[in-house]
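> for reference, the sequence and a predicted model appear below.
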Amino acid sequence: MNAPTPCRQLTFFGTASQIVPALRLFVPWLLLLAVLLQGCAREEATRPQTSVPVKTAAVTTQDVPITLAAVGTVEASHSVNVVSRISGRITSVATTEGRMVGKGELLFTIDEAPYNAALAAAKANLEGNRVLLDKAKKDEARYAALLAKDYVTKDQAEQAQATAEALEATVKGNEAALETAKINLSYCRITAPFTGRAGAVLIHAGNIVKENDATTTLMVIHQVSPILVRFSVPERFLTDIRRKMGSAGLPVTATPPGAAAQQGRLTFLDNAVQADSGTIDLKATFENRADTLWPGMFVNVSLLLGTKTAAVTIPGAALQMGQEGAYVFVVKTNSTVEMRKITVGETVDGFAVVESGLSAGETVVTDGQVMLYPGAKVTTGGQPAREKRS
């Protein structure tokens with residue numbers, strides 16, 4: 001039996017006389033390549049690393065308001081369709097379209113002639129029946145005295161009494177008719193029911209209107225001070241809103257397009273969640289003294305639920321978004337940067353609340369991130385590098 005071979009024998013293709021001359025040709029080139037590589041490595045080691053100019057900011061703690069953002073619609077606190085309560089011809093329009101009108105201010109007048117005539121007739125009927133009533137009462141008293149002396153029958157005395165009582169009822173009816181005539185005459189002057197902004201005049205002078213005809217609107221008036229803003233929030237916030245609303249209401253800010261923000265209070269919480277959208281309807285009341293909010297306008301709404309104290313915050317410019325979420329470049333003590341993942345909460349007034357990943361006192365890059373990479377050296381002076389645009 002043969003003994004095991006201690007190592008595997010190498011087999012070369014070609015004879016030794018053929019291999020040795022070939023190796024002699026390659027060795028000088030290999031030595032030259034090694035010298036060049038060694039020089040490049042030495043030059044790279046001695047070359048100074050270029051610093052990237054950036055802007056930085058410190059990670060701070062501050063009290064941050066907890067808000068809910070929504071888009072709301074401005075609504076008038078009161079609206080009325082002005083209609084005529086009597087029939088007649090409009091004789092004049094006493095107001096101007098689009099202006100503010102005060103409570104009780106004259107808007108339209110209706111021809112008073114028929115109602116003045118009706119009032120005069122009611123007065124005449126009342127006066128005539130009062131005269132008859134006065135005579136009937138005297139007859140009643142006289143017949144009562146004659147009955148006591150047996151000069152008249154009991155039936156005659158009762159008849160006189162009945163006549164007096166009937167005329168007394170007639171007079172009361174005449175008095176009511178007279179009051180109705182006065183009221184109808186007053187309806188010839190159509191006035192504003194509250195202070196508000198008048199809309200367009202829909203029925204002009206000369207037209208005939210009918211009594212309490214809802215299809216014949218003369219004008220629409222909106223009360224705009226105070227005014228309401230309707231908006232919706234997800235139902236998951238309902239418990240917090242109910243707990244914190246109280247009698248005074250929660251603060252609400254409404255920002256109309258191109259105008260300053262207005263401050264109001266939450267005054268209405270709907271009694272049911274909208275099943276189709278999973279939201280709850282809210283209303284906030286605003287004084288609107290500057291007449292900034294306009295019915296039908298869309299506004300950005302912010303509902304303040306409370307304040308988060310000592311929250312870790314960074315400028316919004318420091319926040320970067322990647323495939324794995326939010327991150328920032330943190331400047332270390334040796335002036336190099338570290339790319340660090342963070343968890344972000346609310347963003348308020350240009351600051352982002354950091355839930356985790358950063359501590360107060362650290363420094364983050366706010367401008368110049370386009371040229372950064374983990375371990376890059378930075379300087380805070382000079383103009384930050386900008387991304388090239390085509």
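Nice, thanks for sending it over. Numbers count the residues shown, from 1 in each chain.

> host element of Val71?
Counting by DSSP states H and E, the element that carries Val71 is strand 60-82.

> what about this protein, any weak spots by pLDDT?
1-49, 247, 381-390 (pLDDT under 70).

> got a list of what the most centrally placed residue in it touches?
The chain has Gly72 as the residue nearest its centroid, 2.8 Å off, counting by CA atoms, centre = their mean. Going by CB atoms under 8 Å, 6 or more residues apart in numbering, Gly72 touches 229-231, 254, 284, 298-301. Heads up, the C-betas are built off the backbone N, CA and C, glycines and all.

> measure it to Thr253 for me?
10 Å (CB to CB, to the nearest Å).

> now the common contact residues for the two.
In contact with both Gly72 and Thr253: Val301, using CB under 8 Å, 6+ apart.

> related to what we said a few turns ago, and the strand holding Val71, what's buried?
64-68, 70, 72, 74-78, 80, 82 (16 or more other CB atoms under 10 Å).

> by neighbours, which of the contacts of Gly72 wins?
Among these, Val229 has the most neighbours (other CB atoms under 10 Å), with 27 neighbours.

> picking up where we left off before, from the contacts of Gly72, which land in helices?
Taking DSSP state H, every one of the contacts of Gly72 sits outside helices.

> let me have these in CSV, extended by distance to Gln223.
Shown next, in CSV, are these (distance: CB to CB, whole Å):
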residue, distance to Gln223
Val229, 14
Arg230, 15
Phe231, 20
Ala254, 17
Ala284, 16
Phe298, 20
Val299, 18
Asn300, 23
Val301, 20
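
> which residues touch Gly345?
Counting by CB under 8 Å, 6+ apart, Gly345 touches 311, 352-355.

> what lines up beside the helix or strand encompassing it in the sheet?
Taking DSSP H and E as the definition, Gly345 sits inside strand 343-348. Paired neighbours of strand 343-348 in the sheet (DSSP bridges): strand 351-356 (antiparallel).

> what's the angle from the partner strand to strand 60-82?
120 degrees (axes from the mean of the first three to the mean of the last three CA atoms, to 10 degrees).

> so after strand 351-356, what's the next helix or strand?
Next element after strand 351-356 (DSSP H and E): strand 363-367.

> elements contacting the helix or strand following that following strand?
As assigned by DSSP H and E, the chain's next helix or strand after strand 363-367 is strand 378-379. With contacts defined as 3 or more CB pairs under 8 Å, 6 or more residues apart in numbering; DSSP states H and E, the packing partners of strand 378-379 are strand 52-53.

> now the element after the longest helix along the chain, going C-ward?
If you go by DSSP H, the chain has its longest helix at helix 113-148. Where DSSP H and E defines the elements, the next helix or strand beyond helix 113-148 is helix 154-186.

> how about that following helix: buried residues?
Applying 16+ other CB under 10 Å to helix 154-186 flags 157, 160-161, 163-164, 167, 170-171, 174, 177-178, 181, 184-185 as buried.

> can you name the element that comes right after it?
Reading on from helix 154-186 to the C-terminus, the next helix or strand found by DSSP H and E is strand 189-191.

> got the contact list for that following strand?
Counting by CB under 8 Å, 6+ apart, 82, 84, 104-110, 218 sit against strand 189-191.

> so which of those residues are in strands?
Among the contacts of strand 189-191, DSSP state E puts 82, 106-110 in strands.

> re earlier: return the member of the contacts of strand 189-191 nearest to Ala144.
Checking the contacts of strand 189-191 against Ala144 by CB to CB gives Ile110 as the nearest, at 50.4 Å.

> residues touching that closest one, list them.
The contact partners of Ile110, by CB under 8 Å, 6+ apart, come to 84, 86, 88-91, 187-190, 209.

> contact partners for the closest residue to Val354 other than its chain neighbours?
Once flanking residues are discounted, Val354 sits nearest to Val312: 4.5 Å by CB to CB, 6 or more residues apart in numbering. Residues in contact with Val312 (CB under 8 Å, 6+ apart) are 59-61, 353-355, 358-360.

> which of these are buried?
By 16+ other CB under 10 Å, the contacts of Val312 give 59, 353-354, 358 as buried.

> dump the residues you listed to TSV, plus distance to Ile203.
As requested, the buried ones among the contacts of Val312 are exported to TSV (distance: CB to CB, whole Å):
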residue	distance to Ile203
Val59	66
Val353	57
Val354	62
Leu358	67
